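>>> Coordinates for the following, if possible.
(chains A and B)
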Amino acid sequence: MDTAASKFSFKKVVAIEDTKIDQYIIQSTMKKCNFSEQLIVFGSAGDALSHFDAVDETMPDLPDLIFLDIHMPKMNGFEFLAALNEKHDSLKHKVNIVLLTSSLDPIDKKLSSEFPNIKLFLNKPLNTEKLEKISAMMCVESN
Amino acid sequence: MSINNKNLLHQLKEHFGNSIPIDLLPFLGSVNDVYNNIDVSPAPVSDALVKVKNKAKSKEDCGRMKVHHALIQQTAKTGSWEFNFPEHTSSDHKRVSDSHVYYFSDEVYRILGLEPGSYELSKDFFFPQLNPYDLGIILQNEPGTDADNKKYEEEHTVFLKDGSERVVLKKSDIYFDKSGFSPSRIIGTLQDITEKKMLENDLQNLRREKETILQNLFNAYLSYDVINSRVLFSNLAFEKIFEGTPLEGKTSEASFLSLISDEDKTGEYTLLRKLVKGITAVHNFRIRLNDGSFRWLESRMIPTLGRDGRLVRIELVANDVTAYKKADSSANEVKTALQKQLFSVGEAVLLLNEELIVTYASENVTRLLGFTPEDIVGTAIRNLVYPGDNEKVVVFYNGILAGDSETDRLAFRFISKAGDEVWCECVVQDMTDNGLVGGILTRVRDATFFKEQESHLISTVDDLKKINASLEDFVSVVSHDLRAPLLSMKGIMDLMDMKEESAPMANELEYLRSSVEKLDSFIIDLLDYSRCTRSGVKPESICLEDILDTTTNYLRFMNPQQKPVEFKKRVKNGVLFYSDPKMINIILNNLISNAIRYSSPSSDHPYVEVNINATSENARIEVIDNGIGIAKEDQERVFDMFYRVSEDSNGTGLGLHLVKMAVEKLAGEITIESEHNVGTKFSILIPNMLNNNQN
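Predicted coordinates for the structure are as follows:
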């Protein structure tokens, strides 16, 4: 299993995505690329937030990456980030966020620059090239 | 002056003492002459002493008389003269003496411009000095021997040596001798009437001049004798303006006032009172012309009061102002209208001193603020201003006083007497150095209208901004919602691309289909939305039940993979019902499809129940389900555009917003009752538009 585990770029990735079809795409693509050993998908920002509420931030099983959609009902991506950063101050620096959105709105782009933990602003759909780019970037960063 | 008679001088000295009045000295010479001519008959020796005494006495009296006469003559400017005919002898009727005896008083000489006694007296004494024109007349009138012609009087001009002219009046009486046939002497007077004549001439000239002027006046002139009710004088213009002489022959006391037309008699009493008091009256009135039309006159009536204070004469000067009046009346209308306008927009004026205390307020401040000028004089401006504007007003005035203010006008709120805020625009000028004004001149104008306009404009701009922002949001959301399914489909295709050809792709196809459906339904909603926004309501006769059936039939197969939802309906129909079927369709379609989409997966028996109760007044439509329900906190926002409650991605966020829009278009109401995990009930009430349609 060691060899298998080493194939993965990341140990744990969380995706927050309301659309079923996009959840499917994320799951399928990541699986194809061996992107992450573990993938947790939340259908809404609220569900994800309550998950992180339960997580002790000192615990080592924090996700390496969170893929976050912007346009979601009730609580959108930015609202989620604001709430998360407020509740878990230390998470702000520990968890890297990748925005994954179909938005072309420049306001969204501008808003994303206000959150230091947003590392990337990606346009949908997710594909293998984009995942490889993330892997490369994150490895450089961690080194 | 020469005094050649020592006797007279002596007597005068006796009479006056040593101080003979200087006034008398000039006459002494002439008195002397006269004195010499007095006949002194010789008296018998026996009476010598008495006679001497008497003579002395009579000489004294005589001298006194002469002095008095001379004075009287000089004062009266009248000289006296005498002409004695030679005496006839009784026998041969021949004259005893050939020489006539003449006498001229000193005043005669003086009137003729001669030194008294300086000229030899003769019958022709006057002639050289007579006006040649008068000569013939005089010769003709020369007193003859005609006994009937005892008195005569003539007036003529004399030329003096210095070339000047004098008018004299000669009067004479002829005296006859005892026989009564021959004239013995003529005694006459010569009066200098030059001044009187000149005055008379002047007066006559003035009269003539006055008449000429009056006749040539364009103004009517009338001089009216009130006592005798007669016209003293009227000029040509009067006859022209009054079309004749209307007062001629009238004798009634009030006839002067009969000039004024009956229509304008209202001011008569005041007019009369003025005239009777001797006050000149300026009076405008109309006269009725022969053709029945009016003529407007502007007149000045000048009364003259007699010594007893009674009104004796009225002078009237009038001119025709009809044309002016006509022009004026139309100008007046404009003026009045303009004044009204001006008054309504008129500025009130306040004067403030350097402590910003009101020292003067114009009358119309009352109209603006309700306060009378007395109310606010003495009050500091900041006590009149709305508290919120106080600071800026004081800063502004201080800026004006310091001379460093950028503007001379400021809009701020006063507080009226009634306590209301009054927006005013003030134009301020520091005139404290101006002796006449001596304060800060503040012209206050009601700015309520402008402020209302301004706030209206601001709210319009705000509305537009909101609309613009919501349009931007709309575009942003729509473009996202249109693009998201496409990008998802692209993602699926990428996945399919990576799969081997033989690998099963049922999942991918299913996702593709749902994505296409989602896109399609979104586009349909958009079209509905556009229809709802832009098109008007087109009521027609509809059957609500038919629309419901069509909708349910279409939606029956909406979600084949989930548990089938039972349709129930209860319809009370059968009245003629008018409404817009497209709107009804939007309402039913969205509500029912929502009920299906959000049916509870845990429910054994999911259903949607539609109740319709249509009357001639309105239709009540209820859509009830036992689905997942809507949480209380979301119920308020479910009708908002793009508001999505559920994480289920199938909703467009437009559906309920469309329903609400459609209901409002139909002038109806919609309410929602819902409980999470129990169900939802939408109640709609829409009016029957049958009546609207008939209209």
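>>> who in the stretch 401-550 of chain B is up against chain A?
Contact residues (CB under 8 Å from any CB of the partner chain) of the stretch 401-550 of chain B with chain A: B:476, B:479-480, B:483-485, B:487-488, B:490-492, B:494-495, B:498, B:507, B:511, B:514-515. C-beta: built from backbone N, CA, C; applies to glycine.
>>> Selecting buried members of those residues in PyMOL, what would you type?
The buried residues among these can be selected in PyMOL (16 or more other CB atoms under 10 Å in any protein chain shown) with this line:
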select buried, chain B and resi 476+480+483+484+485+487+488+491+492+494+495+511+514+515
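>>> so of the residues of the stretch 401-550 of chain B next to chain A, which ones are in helices?
Residues of these located in helices (DSSP state H): B:476, B:479-480, B:483-485, B:487-488, B:490-492, B:494-495, B:498, B:507, B:511, B:514-515.
>>> Count the residues that sit near B:Met583.
26 (other CB atoms under 10 Å in any protein chain shown).
>>> which ones are touching it?
Neighbouring residues of B:Met583 by CB atoms under 8 Å, 6 or more residues apart in numbering or on different chains: B:Cys532, B:Val537, B:Ala662, B:Val663, B:Lys665, B:Leu666.
>>> so when I look at it, I'm seeing a strand, right?
No. Applying DSSP: H, G, I helix; E, B strand; the rest coil, one finds B:Met583 to be helix, outside a strand.
>>> Nearest spatial neighbour of it, chain-adjacent residues omitted?
Distances taken as CB to CB, 6 or more residues apart in numbering or on different chains put B:Ala662 closest to B:Met583, at 4.1 Å, once the chain neighbours are dropped.
>>> any idea where the helices of the stretch 101-250 of chain B begin and end?
Along the stretch 101-250 of chain B, the segments classed as helices by DSSP state H, counting those that start in this stretch run B:106-111, B:132-141, B:194-216, B:236-241.
>>> Would you mind finding the most buried of the ones you listed?
helix B:106-111 (a mean of 23; mean count of other CB atoms under 10 Å in any protein chain shown).
>>> elements contacting that helix?
The contact analysis (3 or more CB pairs under 8 Å, 6 or more residues apart in numbering or on different chains; DSSP states H and E) places helix B:106-111 against helix B:48-76, strand B:78-84, strand B:183-192.
>>> how about 10 Å then?
helix B:28-37, helix B:48-76, strand B:78-84, strand B:165-176, strand B:183-192 (3 or more CB pairs under 10 Å, 6 or more residues apart in numbering or on different chains; DSSP states H and E).
>>> Relative to the last one, what are the paired strands and their orientations?
Put plainly, it is strand B:183-192. The pairing partners recorded for strand B:183-192 under DSSP bridges are strand B:78-84 (antiparallel), strand B:165-176 (antiparallel).
>>> Let's have these in CSV, adding mean pLDDT and mean neighbour count.
Below are these laid out as CSV (pLDDT from 0 to 100; neighbours: other CB atoms under 10 Å in any protein chain shown):
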stretch, mean pLDDT, mean neighbour count
strand B:78-84, 82, 20
strand B:165-176, 81, 18
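>>> Would you mind putting the ones you listed into a markdown table with distance to A:Thr19 alongside?
A markdown table is the format used below for the strands paired with strand B:183-192 (distance: least, CB to CB, whole Å):
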| stretch | distance to A:Thr19 |
| --- | --- |
| strand B:78-84 | 147 |
| strand B:165-176 | 139 |
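>>> hang on, the earlier thing: nearest to A:Ser135 among the helices and strands packed on helix B:106-111 would be which one?
Among those, strand B:165-176 comes nearest to A:Ser135, with 147.9 Å by CB to CB.
>>> Can I get that closest one in PDB? Just the C-alpha atoms.
What follows is strand B:165-176, C-alpha atoms only, in PDB (Å, rounded to 0.1, in the frame of the first residue of the first chain):
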ATOM      1  CA  GLU B 165     -44.600 159.000 -23.300                       C
ATOM      2  CA  ARG B 166     -47.200 159.600 -20.800                       C
ATOM      3  CA  VAL B 167     -50.900 159.100 -20.900                       C
ATOM      4  CA  VAL B 168     -52.900 161.900 -19.400                       C
ATOM      5  CA  LEU B 169     -56.500 162.400 -18.600                       C
ATOM      6  CA  LYS B 170     -57.700 166.000 -19.000                       C
ATOM      7  CA  LYS B 171     -60.900 167.000 -17.400                       C
ATOM      8  CA  SER B 172     -62.300 170.500 -17.600                       C
ATOM      9  CA  ASP B 173     -65.300 172.500 -16.500                       C
ATOM     10  CA  ILE B 174     -66.300 175.600 -18.500                       C
ATOM     11  CA  TYR B 175     -67.600 178.600 -16.500                       C
ATOM     12  CA  PHE B 176     -69.700 181.300 -18.200                       C
END
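>>> got the contact list for the residue of the stretch 501-650 of chain B found nearest chain A?
Closest residue of the stretch 501-650 of chain B to chain A, CB to the nearest CB: B:Arg644 (3.6 Å). If a contact means CB atoms under 10 Å, 6 or more residues apart in numbering or on different chains, then B:Arg644 has A:18, A:71-74, B:634, B:637-638, B:650-656 as its contacts.
>>> Apply 7 Å and report the result again.
The neighbourhood of B:Arg644, defined by CB atoms under 7 Å, 6 or more residues apart in numbering or on different chains, consists of A:Pro73, B:Gly651, B:Gly653.
>>> Three-state assignment for the first one, please.
The one in question is A:Pro73. Per three-state DSSP, A:Pro73 ends up coil.
>>> any idea how far it lies from A:Ala45?
Taking CB to CB, to the nearest Å as the measure, A:Pro73 falls 9 Å from A:Ala45.
>>> Neighbour count: the two, which is higher?
A direct count of neighbours by other CB under 10 Å for A:Pro73 and A:Ala45 places A:Ala45 higher, at 27 against 20.
>>> secondary structure class for the residue of chain A found nearest chain B?
Nearest to chain B in chain A, going by CB to the nearest CB, is A:Pro125, at a distance of 2.7 Å. For A:Pro125, the secondary-structure state derived from three-state DSSP is coil.
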